[in-house]
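Chemist: kindly generate the corresponding structure for this input.
(chains A and B)
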2 protein chains.
Amino acid sequence: MTQDGGMTTSAGIHGRNDPDLTVGDVGEFGLIGRVAPQEHSDRVLVGPGDDCAYVTVASGRMLISTDVLVEGRHFRRDWAEAYDVGRRAAAANLADVMAMGGVATALTVGFAAPADLPARWAEDLTRGIVDEAALVGAEVVGGDVTAADGVVVSITVVGETDREPVLRSGARVGDVVAITGRLGWAGAGLHVLGRGFRSPRVLVEAYRRPEPPYEEGPRGAREGATAMIDVSDGLLADLAHIAEESSVGIDLDADAFVVPEPIADVAAATNADPRTFLLTGGDDHTLAATFPADRGAPEGWSVVGRVVEGEGDVTVDGVAWDGPAGHEHYR
Amino acid sequence: MTQDGGMTTSAGIHGRNDPDLTVGDVGEFGLIGRVAPQEHSDRVLVGPGDDCAYVTVASGRMLISTDVLVEGRHFRRDWAEAYDVGRRAAAANLADVMAMGGVATALTVGFAAPADLPARWAEDLTRGIVDEAALVGAEVVGGDVTAADGVVVSITVVGETDREPVLRSGARVGDVVAITGRLGWAGAGLHVLGRGFRSPRVLVEAYRRPEPPYEEGPRGAREGATAMIDVSDGLLADLAHIAEESSVGIDLDADAFVVPEPIADVAAATNADPRTFLLTGGDDHTLAATFPADRGAPEGWSVVGRVVEGEGDVTVDGVAWDGPAGHEHYR
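Modeler: Residues are numbered from 1 along each chain as shown, chains lettered A, B, ... in the order given. Next up is the predicted model:
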């Protein structure tokens, strides 16, 4: 099929700002062409509009990852504007490249939606993806649009790294565990939205538009990270992936977590343990990594625990966390 | 998020052949790990299971394309086994790389499905994708699984070419238009299924499991193709993309099309014009290309028309085709 392109040939395409235009009117062609910049970087040799895009991979090796977001599960159209859904969706993918120590270069977007969805919603979503990608210099180079009952956004990101990628399997006993970026903010924002509130606004905004610390991925790799992951499902759940893949345990130091004031406020107002947001809240794309103890964590990172002997278990002050578990799809 | 990996850690995973197991039981982890080969080629440096896969791109340039298949629109679970849906879905993507003159190397799979979908259906689908990819030496290196109301399969394929890719925009007046591979078979098979029949079996099978002429893409490029596309939406519709992007017209020679016997039979039995299947049937991933007249089409290709002066129009014996148009999503 056609990579959704700039050369719109379908009949019935009206002006860009026609509020009655639907995704069905825009059709298979034109969605990305209507939104993505027509000017590409030198890296993009062929952009949207042909059977494939054609993109340079200077290092001769690519990182690649795919994430799927589903309406009603990963986002609600009444909780976030389309533009922010696009930002969030792109952030989730870009953060996967960050967590390998790399930088994203190109994205494709698979988009399924009801034919009567306003074209503006789809365009705003795409614009959000394009803008988030631009933060790291990446471009949307292709995609596919088709009709479905609900909205599904499947983004694939490709990136590169100038050194070996940092895997989940490299943590060694004695390493320090450190994090950088906001932690718990998006989860607290989701908690607030789920209760029908729209404030504290800073948390709701953190949920709607996460800010992964993109530059810290390559920096962590340069600074000797032995294992790295981005926190999408909750710190405990994601650190468990490092612990399992590295065949170690991880013990967190409860006192090392500073509870930000907005999260403390929400916790108090909803009678929740503030640490729950920090330990199990997902979607911030906080970067978590392990570093050799003699080298320690880079400046700006917070050491929150240590790698210990174990078999994939993550503990807090030596004991299993007895609060709610991290998010996992289907559960 | 995790690239769906081989290291299953979710509780509740039972034996591979438990018929009661659902996609929800398998969860985010394990689907591809349960199906994809654990042994990777040298090209795959990191396979499923980390934040990203890591794959070599020897030429330093990659082709990339994404296609989305939606249940009820691109496939019906009662018309094709999951395995064949996987074969078809992968074929559609691999054919996009073929149509640039390249060979696919890696795929990722974004999969959304109801949580109560039998795990075996998802595994069979994945197995079909893996097997179709293996035809060209490509591997499934990652993916994401999530819950949704309907089944949506979004595949991204990456490939390479050892020369400049063949675009849609290179056709020149005077070029011959040629095709290779089955044409009209899948469309006739779909027509038959739509009327509640299961035969002629050869056509139904052609719909369920298309056989794109993968090797002819790179061969067409070597043999001087000036423009190339795979026929997914119908020959007239897809040649129109070449005509539009190349700012030419294309005139087909009706007598150049030989109607295969099974298609002639179906046309007679359903009172249809057999040429409709050849000119507007999609999903075979027939390869269509233009070649300079002095060089002509490679052996094994059929010349079916000529590039003429024009502005994106495709005619048959000099006049517009007045039968049903090719398939386009949302229309």
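Chemist: do you know how far residue A:165 is from chain B?
Modeler: Distance check for residue A:165 against chain B: by Cβ to the nearest Cβ, to the nearest Å, it reads 5 Å. Where you see a C-beta, it was placed from the backbone N, CA and C, and this is true even at glycine.
Chemist: go on, residue A:247?
Modeler: For residue A:247 relative to chain B (Cβ to the nearest Cβ), the value is 11 Å.
Chemist: ok, the residue most central in space within chain A - contacts?
Modeler: Centroid-nearest residue in chain A: residue A:92, 1.3 Å away (criterion: Cα atoms, centre = their mean). Contacts for residue A:92 (Cβ atoms under 8 Å, 6 or more residues apart in numbering or on different chains) come out as A:67, A:69, A:155, A:210, A:232, A:283, A:285, B:1.
Chemist: mind checking the SS state of the fourth one?
Modeler: The three-state label given to residue A:210 by DSSP: H, G, I helix; E, B strand; the rest coil is coil.
Chemist: and the second one, by the same measure?
Modeler: Residue A:69 carries the three-state label strand when classified by three-state DSSP.
Chemist: who are the neighbours in contact with it?
Modeler: With contacts taken as Cβ under 8 Å, 6+ apart, residue A:69 has the following neighbours: A:75, A:85, A:88, A:89, A:92, A:152, A:153, A:154, A:155, B:146.
Chemist: redo that, cut-off 10 Å
Modeler: Residues counted as contacts of residue A:69 (Cβ atoms under 10 Å, 6 or more residues apart in numbering or on different chains) are A:75, A:85-86, A:88-89, A:92-93, A:125, A:151-155, B:1, B:110, B:112, B:144, B:146, B:148.
Chemist: for chain A, which element, helix or strand, carries the lowest mean pLDDT?
Modeler: helix A:31-35 (a mean of 70; mean pLDDT, DSSP states H and E).
Chemist: can you map out the helices along the stretch 151-300 of chain A?
Modeler: With helices called from DSSP state H, counting those that start in this stretch, the stretch 151-300 of chain A shows them at A:185-194, A:201-208, A:216-222, A:235-246, A:261-269, A:274-280.
Chemist: check whether the last one comes near chain B.
Modeler: No. Using Cβ under 10 Å from any Cβ of the partner chain, no contact is recorded between helix A:274-280 and chain B, whose separation bottoms out at 15.6 Å.
Chemist: buried residues, that helix. List them.
Modeler: Using 16 or more other Cβ atoms under 10 Å in any protein chain shown as the test for burial, helix A:274-280 gives A:274, A:275, A:276, A:277, A:278, A:279, A:280.
Chemist: what separation is there between the third one and residue A:261?
Modeler: When you say that, I think you mean residue A:276. From residue A:276 across to residue A:261, the span is 16 Å (Cβ to Cβ, to the nearest Å).
Chemist: check the last one too.
Modeler: Residue A:280 sits 20 Å away from residue A:261 when distances are taken as Cβ to Cβ.
Chemist: repeat that for the first one.
Modeler: With distances taken as Cβ to Cβ, residue A:274 is found 10 Å from residue A:261.
Chemist: and what of the fourth one?
Modeler: Distance of residue A:277 to residue A:261, computed by Cβ to Cβ: 12 Å.
Chemist: before we move on, what about residue A:245?
Modeler: Separation of residue A:245 from residue A:261 (Cβ to Cβ): 35 Å.
Chemist: can you pull the contacts of residue A:90?
Modeler: Each residue near residue A:90 by Cβ under 10 Å, 6+ apart is listed here: A:67, A:104, A:107, A:109, A:125-126, A:128-136, A:138, A:140, A:153, A:155, A:157, A:212.
Chemist: and the host helix or strand of it with helix A:185-194, angle?
Modeler: Residue A:90 belongs to helix A:82-98 when elements are defined using DSSP states H and E. Counting by axes from the mean of the first three to the mean of the last three Cα atoms, to 10 degrees, helix A:82-98 lies at 150 degrees to helix A:185-194.
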